[in-house]
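> Here's a sequence, model it:
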Amino acid sequence: MMQDWNAYRETLLERVGDYAKQSPDVIRGLMTIDNAAAKTGHLEAKFHEMIALAVAVTTRCDGCISVHTKKAVDAGATLEEISEALGVAIALNAGAALTYSARVIETYQQLPKD
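Next up, the predicted model:
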């Protein structure tokens, strides 16, 4: 069954608010990092959000997917643009698996031979 992403995002943000009451410094720190990433203004907000979506896919974060999909659309990203960004994430994720597979081969090759 597919998820109701709007309800999920709303509930998630409520729980994050609950967490913020317990650990406000952690949330402040995260917001500082998040705001610092956009501070230079070299990239438009929609590009920040599409990068966030690509990273969200590779880190498998449903909350990030829910929040940053909405933020990307609110910043003007189209489905076609988002899909292209996701294609890059898919390509790099597969490339990362290939790269780390090479590490396994190298590790195997370095094992002592009996």
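
> Every contact and neighbour count from this point should use C-alpha atoms.
Will do.

> Dihedrals phi and psi, Ser23?
phi -140, psi 70 (degrees, to the nearest 10).

> Ser66 touches Ala7, doesn't it?
No: counting by Cα atoms under 8 Å, Ser66 stays clear of Ala7, with 9.7 Å between them.

> And the longest helix seen in the chain, what does it pack against?
Criterion DSSP state H: the longest helix present in the chain is helix 79-110. Here helix 79-110 touches helix 45-59, going by 3 or more Cα pairs under 8 Å, 6 or more residues apart in numbering; DSSP states H and E.

> what comes up buried for the helix it packs on?
Across helix 45-59, burial judged by 16 or more other Cα atoms under 10 Å covers 45-57.

> do the same with stretch 65-72
Of the residues in stretch 65-72, those buried (16+ other Cα under 10 Å) are Ile65, Ser66, Val67, His68, Thr69, Lys70, Lys71, Ala72.

> Which of those residues fall in helices?
Per DSSP H, the buried residues of stretch 65-72 map to helices at Ile65, Ser66, Val67, His68, Thr69, Lys70, Lys71, Ala72.

> Using TSV, please lay out these together with pLDDT and distance to Ile105.
As requested, these are exported to TSV (pLDDT from 0 to 100; distance: Cα to Cα, whole Å):
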residue	pLDDT	distance to Ile105
Ile65	95	33
Ser66	95	37
Val67	95	38
His68	95	37
Thr69	96	37
Lys70	96	41
Lys71	95	41
Ala72	96	39
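
> Show me which of these is closest to Lys21.
Val67 (20.1 Å; Cα to Cα).

> any idea which residue sits dead centre in the protein?
Ala56 (2.0 Å; Cα atoms, centre = their mean).
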